[in-house]
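1. Build me a structure from this.
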Amino acid sequence: MRIILGSLTAVLVGLALFEVTMQPSGAERLELAIIFILMAAVSGIAAAFLPSLARRSHMLLITLFSLSLVSLVVASFGLLIAANRMFFSSHDLTLVLVVLGFSLVAAVGFAVTAAKSITTDLSRMTETARRVASGEPDARTGVNRADEIGSLARELDELARQLQVVSENRDSEDARRREFFAAVSHDLRTPLASMQAATEALRDGVAPDPDRYFASLQADITVLHTLVDDLFLLARIQAGDVPLAVQPVDVTEIVDETVEIVAPVADRRDVDIVLDADRRVIVDTAPLAVGRVVRNLLENAVRHAPDHSAVTVKVTNGRGATVVVSDQGSGFDAEFVGKAFDSFTRSDAARSRDSGGAGLGLAIAHDLVVALGGEIWIQPGEGGVVGFRIP
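-> Now for the predicted structure:
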């Protein structure tokens, strides 16, 4: 329907222009109307069938060639009729036909040349899509055009770039997942092996001090219980399943209570915990989450502090509550800082479960602080310094 309406509109516009410019007679109007209708019919038929040809054709060159040929044939038809009416000499008419023939050859040559550039760029885009689909996300089209084909090429390159990022993230996540399960297996295997040895010794009656073996079993069970609890808490935090009841709290008071909880562990190694805090630091936050963060940082600092040393906890007010925990140990090197908050990461990979922990404390602290809308950091260099800020 659109093709018919478009053809009728073209005929009417042509007749109107002819009427205004030439003031024709009745016979001329009829003759020109027939010519316009024939040209419009040819154009309409071509417009109806060329899209179908384009969809079925395996080469864009054929489509462009057909389009150029039809356009030239329609224009030549009208020009021949006009020339036949204008030129009385057969020599002049032959000249027009020669010019039309040359125009046909030139149009075909132009169509082939233009199609070559387009088909080359489309082939590069097809090859890029094939390479990306086969596992080469770094493939790019290299097409630089300002038209729709160039726009499509840029979108394809952007899609390939995003797929490359996704692929790199997936590889990174796979590596972290393997490391995670390896670390879980290691941290489970050690206490389980100890428990198995202790139970076998008790069962066979070869344990020289049964009470000490039972105490070792209790310690290993505590380690497993703590590890499972930490894993469950970390999974809930990352899934956003930890309720954070926000209320006005005094961060100094939370830190002071946490120091009292960790103090017995520090006393076993003669490590003093010194609280340096503003009198009151009031913020709207979740007290249980803040307490868990402070406890993890304190336990980590005490674990790494030398015997007969001190751990300092500083609480300041300004843009929220800032808590900084520092010890007098060897500190963190710059390489460790970048992965300090990953699960099962220890500053000293050779540390045992007795001195190094499971490597989940900083990961839990990081995720809790982020969930509270704050920030946490580690300062590299001598003396372990870890701080966080709650807005």
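2. In this model Thr252 seems to touch Ser290, though I could be wrong.
-> Not Ser; residue 290 is Val. No - using CB atoms under 8 Å, Val290 is not in contact with Thr252, being 11.0 Å away. From N, CA and C alone the C-beta is placed, and that goes for glycine too.
3. Which one's more surrounded, the two?
-> Neighbours were counted for Val290 and for Thr252 using other CB atoms under 10 Å; Val290 has more, 25 against 21.
4. can I see the domain layout of this protein?
-> Listed domain ranges for the chain are 2-133, 152-236, 245-390 (source: automatic domain parsing).
5. Quick one: mean pLDDT over the second one.
-> Pointing back at domain 152-236 there. The average of the pLDDT scores along domain 152-236 is 81.
6. And the next helix or strand past the longest strand seen in the chain?
-> Longest strand in the chain, counting residues (DSSP state E): strand 310-317. Sequence-wise, the next helix or strand downstream of strand 310-317 (DSSP states H and E) is strand 321-326.
7. which residues touch that next one?
-> Residues outside strand 321-326 that contact it (CB atoms under 8 Å, 6 or more residues apart in numbering): 251, 255, 281, 283, 285, 293-294, 297-298, 300-301, 311-316, 383-390.
8. Can you go through those and name the buried ones?
-> Among those, those classed as buried by 16 or more other CB atoms under 10 Å are 251, 255, 281, 283, 285, 293-294, 297-298, 300-301, 311-316, 383-390.
9. among the contacts of strand 321-326, which are in helices?
-> Here DSSP state H is the test, and the contacts of strand 321-326 give Val251, Val255, Val293, Val294, Leu297, Leu298, Asn300, Ala301 as lying in helices.
10. returning to that earlier point: the longest strand of the chain: partners in the sheet, and parallel or antiparallel?
-> Using DSSP bridges, strand 310-317 pairs in its sheet with strand 272-277 (parallel), strand 321-326 (antiparallel).
11. okay if I get these as JSON lines plus mean pLDDT, mean neighbour count and distance to Phe332?
-> Converted to JSON lines, the strands paired with strand 310-317 look like this (pLDDT from 0 to 100; neighbours: other CB atoms under 10 Å; distance: least, CB to CB, whole Å):
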{"stretch": "strand 272-277", "mean pLDDT": "85", "mean neighbour count": "15", "distance to Phe332": "20"}
{"stretch": "strand 321-326", "mean pLDDT": "87", "mean neighbour count": "23", "distance to Phe332": "11"}
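12. Kindly reformat these as JSON lines and extend each row with distance to Ser117.
-> Formatted as JSON lines, the strands paired with strand 310-317 follow (distance: least, CB to CB, whole Å):
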{"stretch": "strand 272-277", "distance to Ser117": "72"}
{"stretch": "strand 321-326", "distance to Ser117": "62"}
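13. Glu375: which of those strands is closest?
-> strand 321-326 (9.7 Å; CB to CB).
14. of all the ones in helices among the contacts of strand 321-326, which two lie farthest apart?
-> Pairwise distances among the ones in helices among the contacts of strand 321-326 were taken by CB to CB; the largest, 18.7 Å, belongs to Val251 and Asn300.
15. Mutual contacts of Val290 and Thr252, please.
-> Counting by CB under 8 Å, 6+ apart, no residue touches both Val290 and Thr252.
16. tell me which element Leu231 falls in.
-> Assigned by DSSP H and E, Leu231 belongs to helix 210-238.
17. elements contacting that helix?
-> helix 148-204, helix 361-371 (3 or more CB pairs under 8 Å, 6 or more residues apart in numbering; DSSP states H and E).
18. want to throw the ones you listed into a markdown table with mean neighbour count and distance to Leu227?
-> Listed next are the helices and strands packed on helix 210-238 as a markdown table, based on neighbours: other CB atoms under 10 Å; distance: least, CB to CB, whole Å:
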| stretch | mean neighbour count | distance to Leu227 |
| --- | --- | --- |
| helix 148-204 | 13 | 6 |
| helix 361-371 | 21 | 11 |
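19. The closest residue to Gly381 other than its chain neighbours - how many residues pack around it?
-> Nearest residue to Gly381, sequence neighbours excluded (CB to CB, 6 or more residues apart in numbering): Gly331, at 5.3 Å. When neighbours are counted by other CB under 10 Å, Gly331 registers 18.
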